[in-house]
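> What follows is a protein structure lacking sequence information:
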């Protein structure tokens, strides 16, 4: 569906990276922003046993946290200067246990609206050098301007 | 929509509490199981600045983690002995910033199917003694039997 | 979650009814607007064998059409004069076969935002005088102003 | 995400086409099954003014009906002989007005589970020879065996 996008803010990259730096949750959980392009964001998170559910895999909420974060930043790359991004809603299907050494979320903008930006996020687990899909998200981000 | 439910497993409560104890993510994030009834679960999580997004409120992923957890346990109360519960998918609307001292998720079973159990989860923030809605989730939990 | 709402447009009812009259899909499928209050809408649709799936029940898409319609009008009651309503997205769980004489959708506003209005819609089938839940929707409606 | 799939039922195509023939809603709304491959389904529906909303475009519920149908059949291609397919739940984002001469839904299986099959459906409108995205769905289909 998507394609390439022209960012409306020439400083989109610096703006996004500054916002990422301001998110304590990323440091706390070990979420790294690894790729950022107009309409695209990849984030990675190394496995941590203290964030697992009863079977020893990442909890679905942790999978969602990574996916939602990546989706929000993919959307944010296309927003204008001065804007802030919030997740309005999302839906995620958990496709397989989040088992492996590193979790990777790749988010793409599907529709860059003026107010609402729709993204799609694929989450995979890297296990012994091989990636396996573990979740799929569809997200609505909203562009807001601080008063 | 829902009503009252008859659990199929007489030991539903002990089974659920044991499963809750086995989730490292709950201890790590400070998630407490505060109410458990057949088809219902309430969980609480005190505010933590290190789990916030750029505006100082709980990150949407953290809100989701609490909601998904509560939904899963509400579903799990109605599953048979020997079963395990997994989140198959969910959708959440973030209604307001997760701002306050304590986050509360209340999950109710809407449809207790044999394989799929549908729940609805309301999340509120307790701020200065007053609760304010902050998210609404619709979730599908799946009942699986370990091989 | 919800409560009562004060409409921002004193002519909300006339505006909503006029919009309902302008929807050919309602006439074609036999959708009737049966209750309209601020933040609430009920719609009904008598069973029609030509709108069924392979088992003789209403197709999930038809269930969704009724639910989405009711949600949109519940949201629209709270929008200002001059506004139009569009569904931005929704998620629906099909809880039971849509079997019976009349399908009823009841939509309530959960969050009446300025731009986004979140609704929750319960769909039931009336069969031999008894209602049975058949679907649950969570919907985001957006308020737009024609240029 | 997806790839190619090996159907578990050698007669998958005949089984799917027979099921399509048994859906009155397809005939009533003019939905045509145009491509069917293992894990993939394309359906088309010519524009009809009597299925529009207040602006003269296909109603969101009609868009959803086409998408859900295509998703269900994509899932059904991979199910075993004797199985039936039901939509358990789905979420759809409406990306643009459903304006044009023909609506096209293309559904791909993302995860072919034994019980749950996850699909992703892209809906486009064909207008003056050019396709434009109008909706994106993520769907959970369930495999059931008639008693």
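Great, that's in hand. Note that the structure is predicted; figures quoted are calculated from it, not measured. Residues are numbered from 1 along each chain as shown, chains lettered A, B, ... in the order given.

> can you give me the end-to-end distance of stretch A:95-108?
By C-alpha to C-alpha, to the nearest Å, the extent of stretch A:95-108 from end to end equals 19 Å.

> tell me which parts of chain A are close to chain D?
For chain A, the residues in contact with chain D (C-beta under 8 Å from any C-beta of the partner chain) are A:1, A:91, A:93, A:95-96, A:110-111, A:118, A:120, A:122, A:133, A:136, A:138, A:140. Where you see a C-beta, it was placed from the backbone N, CA and C, and this is true even at glycine.

> List only those of those residues flagged as buried.
A:91, A:93, A:95, A:110-111, A:118, A:120, A:122, A:133, A:136, A:138, A:140 (16 or more other C-beta atoms under 10 Å in any protein chain shown).

> what distance separates the start and the end of stretch A:28-45?
Start-to-end span of stretch A:28-45 (C-alpha to C-alpha) is 11 Å.

> and the two most separated of the residues of chain A next to chain D?
A:96 and A:111 (27.3 Å; C-beta to C-beta).

> Walking through chain A, point out its strands one by one.
Assigned by DSSP state E, the strands in chain A fall at A:32-37, A:40-46, A:84-94, A:102-112, A:116-127, A:130-144.

> quick one, which of those is nearest to residue B:126?
Set against residue B:126 and scored by C-beta to C-beta, the strands of chain A come closest in strand A:84-94, at 21.3 Å.

> and that closest one, what other elements does it pack with?
Packing partners of strand A:84-94 (3 or more C-beta pairs under 8 Å, 6 or more residues apart in numbering or on different chains; DSSP states H and E): helix A:60-76, strand A:130-144, helix B:60-76, strand B:84-94, strand D:130-144.

> State the mean pLDDT of the fourth one.
Same thing as strand B:84-94. What strand B:84-94 shows for mean pLDDT is 97.

> Could you spell out the sheet neighbours of it, each with its direction?
According to DSSP bridges, strand B:84-94 forms sheet pairs with strand A:84-94 (antiparallel), strand B:130-144 (antiparallel).

> Turn the helices and strands packed on strand A:84-94 into CSV, including distance to residue A:18.
Converted to CSV, those look like this (distance: least, C-beta to C-beta, whole Å):
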stretch, distance to residue A:18
helix A:60-76, 11
strand A:130-144, 17
helix B:60-76, 19
strand B:84-94, 22
strand D:130-144, 30
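
> Below-threshold pLDDT in chain A: ranges please.
For chain A, the stretches flagged by pLDDT under 70 are A:1-3.

> got the residues of chain A near chain C?
Neighbours of chain C within chain A, by C-beta under 8 Å from any C-beta: A:88-89, A:91, A:115-116, A:140, A:142.

> and which of those residues is nearest to residue C:79?
Minimum distance to residue C:79 across the residues of chain A next to chain C is 14.9 Å, recorded for residue A:115 (C-beta to C-beta).

> which ones are touching that closest one?
The neighbours of residue A:115, taking C-beta atoms under 8 Å, 6 or more residues apart in numbering or on different chains as the test, are A:142-143, C:115, C:142.

> Among those residues, which pair sits farthest apart?
A:143 and C:142 (12.8 Å).

> If you count surrounding residues, which of these two has more?
The neighbour comparison of residue A:143 against residue C:142 (other C-beta atoms under 10 Å in any protein chain shown) goes to residue C:142, with 25 against 19.

> Number of residues surrounding the closest residue to that one other than its chain neighbours?
Closest residue to residue C:142 apart from its sequence neighbours, by C-beta to C-beta, 6 or more residues apart in numbering or on different chains: residue C:88 at 4.4 Å. By the measure other C-beta under 10 Å, the count of residues near residue C:88 is 27.

> Let me know whether residue C:88 touches residue C:116 as I believe.
Yes: if you go by C-beta atoms under 8 Å, residue C:88 and residue C:116 touch, sitting 7.0 Å apart.

> Give the intersection of the neighbour lists for these two.
Common contacts of residue C:88 and residue C:116 (C-beta under 8 Å, 6+ apart): C:140-142.

> ok, so of these, who is nearest chain B?
residue C:140 (6.6 Å; C-beta to the nearest C-beta).

> mind checking how far that closest one is from residue B:95?
As judged by C-beta to C-beta, to the nearest Å, residue C:140 and residue B:95 stand 11 Å apart.

> And residue A:70, by the same measure?
From residue A:70 across to residue B:95, the span is 22 Å (C-beta to C-beta).

> For the residue positioned nearest the centre of chain A, give me its contacts.
Nearest to the mean C-alpha position of chain A, by C-alpha atoms, centre = their mean, lies residue A:70 at 1.0 Å. Residue A:70 makes contact with A:41-43, A:105-107, A:121 under the criterion C-beta under 8 Å, 6+ apart.

> Got a PyMOL select line for the buried ones in these?
Command for PyMOL that selects the buried part of these, burial taken from 16+ other C-beta under 10 Å:
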select buried, chain A and resi 41+42+43+105+106+107+121
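
> okay, the contacts of residue A:70 in CSV with distance to residue A:77 next?
As requested, these are exported to CSV (distance: C-beta to C-beta, whole Å):
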residue, distance to residue A:77
A:41, 7
A:42, 12
A:43, 13
A:105, 15
A:106, 14
A:107, 10
A:121, 14
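
> between the contacts of residue A:70, which is closest to chain D?
Taking C-beta to the nearest C-beta as the measure, chain D sits nearest to residue A:106 out of the contacts of residue A:70, at 10.0 Å.

> picking up where we left off before, using JSON lines, lay out the strands paired with strand B:84-94 together with distance to residue C:60.
Below are these laid out as JSON lines (distance: least, C-beta to C-beta, whole Å):
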{"stretch": "strand A:84-94", "distance to residue C:60": "16"}
{"stretch": "strand B:130-144", "distance to residue C:60": "15"}
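
> Fine, thanks again, bye for now.
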